[in-house]
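1. Following is a predicted model, sequence given first.
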Amino acid sequence: MNATETKLKGCFILEPKKFGDSRGYFFESFNEKTFNALTGTQTTFVQDNQSYSSRGVLRGLHAQAGEHAQAKLVRVIEGKVLDVAVDVRPDSPTYGQHVAVELSAENNLQLFVPRGFLHGFVVLSETATFFYKCDNFYNKESECGVHPLDADLAVDWQIPLEQLQLSDKDKEAPSFSDVFGGKVKNSL
């Protein structure tokens, strides 16, 4: 497996080594020892989640706050998504900045989103099955989020606005400045 750190410290793109022949392919999608060595962390995942969505479905931008914060290792099993991580660590030099990575069943890339980040994705293919590991258990009371179309964040979701499908909760989510009390610094 190869790991490339993004412009956001601690946020990594992971690419497994894929072995294939006329029968198909094999790759190791996760190995705790290798993962921790490549990312320099001591992450232990405790929960796996999976979702299925159609083209234009935008899920995010979400996080859990405080002691219930979660790091995530995300990948796509079927289809293609644009995956986005936003740094909301107050003392980070990349606070308010984001990375966007295309994850697909074809490229087998994964994104490690550490604690202290908002996370979201939009489906670019007709359908997508999205899978992620979390290092902390889900806690509804600690949910937080920012409107995914927030002008300060200016994420290019690569889908026309009129084709985006958001949940009622995401449509009503507050702005970045309302949640985090400040403007985005040095946006990418």
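-> All right, it came through fine.
2. mind showing which ranges of the chain have poor pLDDT?
-> For the chain, residues meeting the criterion pLDDT under 70 lie at 182-188.
3. show me where it has strands.
-> Counting by DSSP state E, the chain has strands at residues 2-5, 12-15, 18-21, 24-27, 47-54, 58-64, 72-78, 80-87, 98-104, 110-113, 117-123, 127-134, 143-145.
4. Go through those strands and name the closest to E172.
-> With CB to CB as the measure, strand 143-145 is the member of the strands of the chain nearest E172 (9.8 Å). For every residue, glycine as well, the C-beta is placed using N, CA and C.
5. E141 and S51, how far apart?
-> 21 Å (CB to CB, to the nearest Å).
6. same thing with V84?
-> From V84 to S51 the distance is 15 Å (CB to CB).
7. Kindly list the longest helix within the chain.
-> helix 32-39 (DSSP state H).
8. Now that helix - C-alpha only, PDB.
-> Below are the C-alpha coordinates for helix 32-39, written out as PDB (Å, rounded to 0.1, in the frame of the first residue of the first chain):
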ATOM      1  CA  GLU A  32      -3.800  -2.100  10.900                       C
ATOM      2  CA  LYS A  33       0.000  -2.500  11.200                       C
ATOM      3  CA  THR A  34       0.700  -1.200   7.700                       C
ATOM      4  CA  PHE A  35      -1.900   1.600   8.000                       C
ATOM      5  CA  ASN A  36      -0.500   2.900  11.200                       C
ATOM      6  CA  ALA A  37       3.100   2.800   9.900                       C
ATOM      7  CA  LEU A  38       2.200   4.700   6.700                       C
ATOM      8  CA  THR A  39       0.100   7.400   8.500                       C
END
